[in-house]
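> sequence and predicted structure are below.
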Amino acid sequence: MISKSAIKKLTQILGEEHILTNKDDMSPYCHDATHNLFPPEAVVFPGTAIEISKIMQLANKELIPVVPRGAGSGMSGGALAIKGGLVMSMDRLNTILLIDEKNLIARVEPGVITGHLQEEVEKIGLFYPPDPASLNVSTVGGNVAECAGGPRAVKYGVTRDYILGLKVVLPNGEIVGIGVETAKGVVGYDLTRLIVGSEGTLAIITEITVRLIPRPEKKKTLLVIFPDIFSAAQGVSNIIREKIVPTTIEFMDSLSVQLVRQELNFDLPKGNIALLLIELDGDQWQIDTYSDRVSAICRDTGSMDIHVACDGKEAAELWMVRRGLSPALLSLKPDKINQDVVVPRSRLAEFVMALSEIGRKYDLMIPSFGHAGDGNIHVNIMLDRDNKDEEKRAEKALKELFELVIDFRGTISGEHGIGISKKPFIGMEVSESVLMLMRGIKEVFDPNNILNPGKIFDDI
Ligand SMILES: Cc1cc2nc3c(=O)[nH]c(=O)nc-3n(C[C@H](O)[C@H](O)[C@H](O)COP(=O)(O)OP(=O)(O)OC[C@H]3O[C@@H](n4cnc5c(N)ncnc54)[C@H](O)[C@@H]3O)c2cc1C
């Protein structure tokens, strides 16, 4: 419980207008995209790293849990105040500080919306590739903390591949700079890479230096229609085997297609069809050559039709349909257990067949879609939590899903992180010795366990 005197000190640090303590005012900060509810005791809106440092010194002294928060779009409960305490919003830290064309870098505050950074750098011919489907709401800080990926990861990699350096506030309030602003740097342990994906448990990120690349000249978007999910998954494996690396290869299984049929501006064939949304980028010669080869591979794998987006507007519409899929799922059932497993790309077809088997066995709808090009599949176990029998079956199906993924030499999370959702399952993938190393790292950074406690693993 935060003491009245601590609230008073926080108000002195921030000013009255930058702290919330009223229950109703704090309601937007009680949940994230998992839809779990955990009310904090106060929400603070610092405007500088120095204010964050002062807040952390106080929290460390009075043992107040602090949960950093970007846009709250996280899918694993990372931004939830599961132990009460403070939610620290990055809303006010939302400035692009620098775009440096000579050195191909940008420096931003953590609350900058990812899509906004992309638009700004693209205006001057540069490119920041990480593109989570939430890019119009999620923040660069949240992306760094989760090591967000996105459709373009097939060709360009994930957030970690673009982070050069960070300024962070440690749980004891110390402000430190880590990493570099240069194209290379190997001085000491790579703490930048450690903080990326640390889910707000090691330090609060207050500044981010990202690497930029030249914006690809052109792109081409294809929507490929397959008669079933098996041939679509086989199509993905075949494209990769032919050593073609498209910018994206997203897939939607037949249940997902049902949800978006009416959103698309053209008729799709009836039946249990599956779709691949493939994007290629580069110069005109590259995209034409690769699009011919990709189309030929898809036809050989049994595709029924290939629709080429006629212009940028149509391509954007196709992407909007894909990005709208995750929320649209809730029209099937009121609840979903959303997982982002990854399997080797060569085994995608085998995996989706095994997945439908799990659905049949437990009599559950399990639509899947996602970043098939890097083997990252969003598996959604749909359920109604008021139906206790269905809930039990869903939990069994979830465990079986993770066993399957490990059996396939995959990983239980490609981009959403562990947070609280996957905490019970981390030991299925990570050995006890490795978990001990991770706990040791947490203890070095945060001996009092005040920064986002109870996330990734139970309290030490
Ligand atoms: C519709 C939808 C689609 C999505 N698609 C994708 C996708 O394609 N790829 C993908 O990777 N994710 C996806 N996500 C998940 C989510 O958007 C990402 O995890 C995103 O990176 C979270 O950013 P955020 O700003 O919302 O962070 P939050 O949800 O607010 O926080 C996420 C984590 O980061 C920590 N954090 C936030 N800011 C800081 C900071 N400054 N310092 C330290 N820690 C911090 C929080 O404590 C928490 O642990 C999707 C979510 C939705 C709702």
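Okay, I see it.

> what parts of the stretch 1-150 of the chain come near the ligand?
Taking Cβ under 6 Å from any ligand atom as the measure of proximity, the stretch 1-150 of the chain contacts the ligand at 32-33, 67-75, 78-79, 90, 110, 132-134, 138-139, 141-143, 145-146, 148-150. All C-beta spots, glycine's among them, are computed from the backbone N, C-alpha and C.

> in strands, which of those appear?
By the criterion of DSSP state E, membership of those in strands covers V67, P68, R69.

> for R393, phi and psi?
Summarising the backbone geometry of R393 under the convention degrees, to the nearest 10, its torsions are phi -60, psi -40.

> for the stretch 251-400 of the chain, which segments are assigned as strands?
Residue ranges of the strands in the stretch 251-400 of the chain, as given by DSSP state E, counting those that start in this stretch, are 274-282, 305-308, 335-342, 368-371, 376-383.

> and those as a markdown table, adding distance to the ligand and mean neighbour count?
Below are the strands of the stretch 251-400 of the chain laid out as a markdown table (distance: least, Cβ to the nearest ligand atom, whole Å; neighbours: other Cβ atoms under 10 Å):
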| stretch | distance to the ligand | mean neighbour count |
| --- | --- | --- |
| strand 274-282 | 13 | 25 |
| strand 305-308 | 23 | 15 |
| strand 335-342 | 7 | 21 |
| strand 368-371 | 7 | 26 |
| strand 376-383 | 8 | 25 |
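
> save those strands as TSV, and put in mean pLDDT too.
Below are the strands of the stretch 251-400 of the chain laid out as TSV (pLDDT from 0 to 100):
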stretch	mean pLDDT
strand 274-282	95
strand 305-308	93
strand 335-342	93
strand 368-371	90
strand 376-383	95
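
> tell me the domain boundaries of this structure?
4-89, 96-214, 218-326, 330-419 (automatic domain parsing).

> now those domains in JSON lines, with distance to E429?
Formatted as JSON lines, those follow (distance: least, Cβ to Cβ, whole Å):
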{"stretch": "domain 4-89", "distance to E429": "14"}
{"stretch": "domain 96-214", "distance to E429": "14"}
{"stretch": "domain 218-326", "distance to E429": "23"}
{"stretch": "domain 330-419", "distance to E429": "5"}
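
> mean pLDDT lowest for which of these?
Confidence, taken as mean pLDDT, is least for domain 218-326 of those (a mean of 91).

> centre of the chain to it, how far?
With Cα atoms, centre = their mean, to the nearest Å as the basis, the distance from the averaged C-alpha position of domain 218-326 to the chain average is 22 Å.

> what's the end-to-end length of it?
The straight-line separation of the ends of domain 218-326 (Cα to Cα, to the nearest Å) is 28 Å.

> who are the neighbours in contact with the residue of the stretch 251-400 of the chain found nearest the ligand?
Using Cβ to the nearest ligand atom, the closest approach of the stretch 251-400 of the chain to the ligand is made by S326 at 4.1 Å. S326 sits next to A133, N338, H378 when contact means Cβ atoms under 8 Å, 6 or more residues apart in numbering.

> list the contacts for the second one?
With contacts taken as Cβ under 8 Å, 6+ apart, N338 has the following neighbours: M75, S326, H378, V379, N380, H416.

> columns distance to Y189 on top of the residues you listed, output as JSON lines?
JSON lines is the format used below for these (distance: Cβ to Cβ, whole Å):
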{"residue": "M75", "distance to Y189": "29"}
{"residue": "S326", "distance to Y189": "36"}
{"residue": "H378", "distance to Y189": "33"}
{"residue": "V379", "distance to Y189": "35"}
{"residue": "N380", "distance to Y189": "38"}
{"residue": "H416", "distance to Y189": "26"}
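
> show me where the stretch 201-350 of the chain has its helices.
Secondary structure of the stretch 201-350 of the chain (DSSP state H, counting those that start in this stretch): helices at 229-241, 254-260, 284-300, 312-323, 325-328, 348-362.
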